[in-house]
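Student: got a sequence here, can you model it:
(one chain, ligands or ions: 2)
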Amino acid sequence: MPSIRTNLTKLNQKAPVILAIESSCDDTAAAVLKNDTILANITSTQTIHEQYGGVVPELASRAHQQSIVPVVDAALRQAQIQLSDIDAIAYTRGPGLMGSLVVGTSFAKALSLALKKPLIDVHHMHGHILAHFINEGQAIPSFPFICLTVSGGHTQLVVVHSPTNLEIKGSTIDDAAGEAFDKIAKIIGLPYPGGPLVDKLAQKGNPDAFAFSKPQVVGYDFSFSGLKTSVLYFLQKQTAVDPDFVEKNKADICASVQRTILDILFKKLELLVKDTGIKDIAIAGGVSANTGLRQRLMDTGNKKGWNVFIPKFAYCTDNAAMIAMAGKFLYDAGIFGNQSQGAEARLPFLRSWNQ
Ligand code: ADP
Ligand code: MG
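Tutor: Residues are numbered from 1 along each chain as shown. Ligands and ions are numbered 1, 2, ... in the order given. Model (predicted):
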């Protein structure tokens, strides 16, 4: 079977130019894609939230309003195109913060009306998964492949049968993996978002220093809220004896927490691989930036004969390039959005293109 990339290259001559907009949380982003190649990828990260220890929705929404025009403008300039060169406008319809999504959604809908070009509504996690197909000369997964999607809001095991046929096999029943990193980081006294800081400290710590409880959840589902409680009780007990316990053991605590999160993820990933026989394994989402997760996927892949696909760092965090890539696949499939669709904070994953 010819690869997706061969098909895309054949289409190159009349490749559509897609402008994509992503504003689901605290990054205002725009990208331009032609075929499977990114011509521009601009992200404006909001720094105002740092002083509040988390994203403040109202401030995020206002910052998106200020940034969206300059960000889109910068993307057009970087791609060296005019508005009239755009063939379709893709945007993140959800999930995310309502006030943030509304800015990107309204902008995309208005531009679509003004330019008389089709709208493509994209699910944020669909974008994270299909980012693997952005052509930067790297190997791409063959269908069907398994994608472990791990972010601040999602933890899922997805079998990707095709770019528009995705089957969720397992999900978290409580907190997402990124949420677990962030909440436990907060208990340890690290600033928001704690995930990257836990990662950094874990590199200097002993992952076997402390043992935390692991969930007993059936099938391919995950649970992380028990781990958070286990860490909290453990630290309360230790600091009662030694008030400086956390300070003295920060790296070991982070390494042990990270190892436990990875154990929880890999137990279910390995089970799904065993049950399906699929050997192409990808990771996606913010937590796929985690050094330990990337290393463990490579090590497990080597041991078990998997082909592993790890996104480059720029496509782990929120970006519009991935929304453009997902938009391109939907465009090819003839799946478009319309003006009556609004932003949806809790957009269901598999129904984003047929509602
Ligand atoms: P969402 O789009 O669901 O809000 P993102 O895809 O933006 O989530 O990912 C953000 C999450 O990823 C946060 O929870 C953050 O702590 C986590 N994260 C980012 N980098 C790392 C890392 N290196 N290690 C662990 N977690 C990380
Ligand atoms: Mg994300």
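Student: now do the helices in this protein.
Tutor: Secondary structure of the chain, counting by DSSP state H: helices at 4-10, 57-79, 98-115, 124-130, 177-188, 195-202, 225-241, 245-276, 291-304, 313-316, 321-332.
Student: quick one: closest of these to S213.
Tutor: helix 225-241 (4.3 Å; CB to CB). Yep, even glycine has a C-beta here, placed from its N, CA and C like the rest.
Student: what angle separates that closest one from helix 177-188?
Tutor: Calculated by axes from the mean of the first three to the mean of the last three CA atoms, to 10 degrees, helix 225-241 forms an angle of 10 degrees with helix 177-188.
Student: pick out the residue of the stretch 151-300 of the chain closest to ligand 2.
Tutor: The minimum distance from the stretch 151-300 of the chain to ligand 2, using CB to the ion, falls at S151 (4.6 Å).
Student: picking up where we left off before, can you say which of the helices of the chain is nearest to N41?
Tutor: Between N41 and these, the shortest gap by CB to CB is with helix 321-332, which sits at 4.4 Å.
Student: residue contacts, the residue positioned nearest the centre of the chain?
Tutor: The structure's the chain has its C-alpha centroid closest to G285; by CA atoms, centre = their mean the separation is 2.3 Å. Residues near G285 by CB atoms under 8 Å, 6 or more residues apart in numbering: M125, H128, T149, V150, S151, H154, G178, C316.
Student: quick check: A60 touching G99?
Tutor: Yes: in terms of CB atoms under 8 Å, A60 counts as a neighbour of G99; the distance is 6.6 Å.
Student: more neighbours: those two, which one.
Tutor: For A60 versus G99, the count of surrounding residues by other CB atoms under 10 Å is larger for A60: 24 against 18.
Student: and the more buried one, how far is that from ligand 1?
Tutor: Note on A60: its distance to ligand 1, by CB to the nearest ligand atom, to the nearest Å, is 11 Å.
Student: just Y192 next, same as before
Tutor: Distance from Y192 to ligand 1, by CB to the nearest ligand atom: 8 Å.
Student: burial check on that residue, number of neighbours?
Tutor: Residues lying near Y192 (other CB under 10 Å) number 16.
Student: wait, it touches D26, no?
Tutor: No: applying CB under 8 Å, one finds Y192 not in contact with D26, separated by 10.9 Å.
Student: give the residues shared as contacts by these two.
Tutor: By the contact definition CB under 8 Å, 6+ apart, Y192 and D26 are jointly contacted by H49.
Student: show me the contacts for the closest residue to G219 other than its chain neighbours.
Tutor: Using CB to CB, 6 or more residues apart in numbering and skipping residues adjacent in sequence, the residue nearest G219 is G170, 6.3 Å away. Residues in contact with G170, defined by CB under 8 Å, 6+ apart, are Q156, L157, G219, Y220, D221, F222, K268, L272.
Student: show me the two of the residues you listed that sit farthest apart.
Tutor: The span of the contacts of G170, defined through CB to CB, is set by Q156 and G219 at 12.8 Å.
Student: look at these two and report which has more neighbours.
Tutor: Q156 (25 against 12).
Student: list the contacts of the more buried one.
Tutor: Counted by CB under 8 Å, 6+ apart, Q156 has contacts M125, L148, T149, I168, G170, S171, T172, F349.
Student: burial measure for the spatially closest residue to G226 that is not a sequence neighbour, as a count.
Tutor: Closest residue to G226 apart from its sequence neighbours, by CB to CB, 6+ apart: P215 at 5.2 Å. The local packing of P215 (other CB under 10 Å) involves 17 other residues.
Student: and the stretch 201-350 of the chain, which residues reach ligand 1?
Tutor: Taking CB under 6 Å from any ligand atom as the contact definition, the stretch 201-350 of the chain meets ligand 1 at G285, G286, V287, A289, N290, T317, D318.
Student: tell me the domain boundaries of this protein?
Tutor: Listed by automatic domain parsing, the domain ranges of the chain are 17-132+316-333, 143-311.
Student: pick the most buried one from these.
Tutor: Stretch with highest mean neighbour count among the domains of the chain: domain 17-132+316-333 (a mean of 22; mean count of other CB atoms under 10 Å).
Student: list the contacts for the residue of the chain found nearest ligand 1?
Tutor: In the chain, the residue that lies nearest ligand 1 is G286 (1.8 Å; CB to the nearest ligand atom). Applying CB under 8 Å, 6+ apart to G286 gives the contacts V150, S151, G152, G178, G195, C316, T317, D318.
Student: TSV for the contacts of G285, including pLDDT and distance to I335?
Tutor: Formatted as TSV, those follow (pLDDT from 0 to 100; distance: CB to CB, whole Å):
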residue	pLDDT	distance to I335
M125	95	16
H128	96	18
T149	97	20
V150	97	26
S151	94	23
H154	91	21
G178	97	28
C316	94	26
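Student: for V287, see how far away A180 is.
Tutor: 9 Å (CB to CB, to the nearest Å).
Student: no, scratch that, I was asking about I129
Tutor: 14 Å.
Student: next one: T149
Tutor: T149 is 9 Å from V287, by CB to CB.
Student: in space, what's closest to V287 - neighbours in sequence excluded?
Tutor: According to CB to CB, 6+ apart, the nearest residue to V287 is V150 (3.7 Å).
Student: poorly predicted segments of the stretch 201-350 of the chain, please.
Tutor: In the predicted model of the stretch 201-350 of the chain, residues 350 satisfy pLDDT under 70.
Student: what does the stretch 151-300 of the chain have sitting close to ligand 2?
Tutor: S151 (CB under 5 Å from the ion).
Student: what does the pLDDT read for the nearest residue to S24 once chain neighbours are set aside?
Tutor: Sequence neighbours aside, G96 is the residue nearest to S24 in space, at 2.8 Å (criterion: CB to CB, 6+ apart). Looking at G96, its pLDDT stands at 95.
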